[in-house]
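1. Dropping the sequence and predicted coords here.
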Amino acid sequence: MKDQKTQQHEKSGINPVVAGVAGAVIGASVAAAGAVVLKDEKNRQKVKEALTTVKEHAIEYAEDMQKHVEDKKGEVEKSLLKAKKK
């Protein structure tokens, strides 16, 4: 009987330790690159503006979805009332 780690390795073909180390190296590289980019005030301002825009779009989307759900809820309630009356 094989242990679970051996079976998992055979299924994926990637050693989980190697994948973890590779993920850590990539994450550290991205963090270092981000730190270098954010040293410049202009880049920080651009990032701030981009994040503000994304935030505004996310809020608008969430509000639209909430309104859409409320509209559908009203339609379903009306349909249920009609069905109960029949």
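-> Done, it's in.

2. how about the helices of this structure, start to end?
-> Here the chain has its helices, by DSSP state H, at 4-12, 16-37, 41-85.

3. Mind putting those helices into TSV with mean pLDDT and mean neighbour count?
-> Where you see a C-beta, it was placed from the backbone N, CA and C, and this is true even at glycine. Converted to TSV, these look like this (pLDDT from 0 to 100; neighbours: other C-beta atoms under 10 Å):
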stretch	mean pLDDT	mean neighbour count
helix 4-12	56	10
helix 16-37	84	10
helix 41-85	89	10
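
4. Look up how far residue 37 lies from residue 49.
-> 14 Å (C-beta to C-beta, to the nearest Å).

5. Show me the domain layout of this structure.
-> According to automatic domain parsing, the chain comprises the domains 1-37, 40-86.

6. Quick test: name the residue nearest the centre of the protein.
-> The residue lying closest to the centre of the chain (C-alpha atoms, centre = their mean) is residue 58, at 12.0 Å.

7. Tell me how far that one lies from residue 15.
-> From residue 58 across to residue 15, the span is 38 Å (C-beta to C-beta).

8. Same question for residue 54.
-> 36 Å.

9. Could you do residue 39 as well?
-> Here the distance between residue 39 and residue 15 works out to 36 Å (C-beta to C-beta).

10. More neighbours: those two, which one.
-> Set side by side, residue 39 and residue 15 show more neighbours around residue 15, with 13 against 8, by other C-beta atoms under 10 Å.

11. mind checking pLDDT for the more buried one?
-> The model reports residue 15 with a pLDDT of 76.

12. Fine, thanks again, bye for now.
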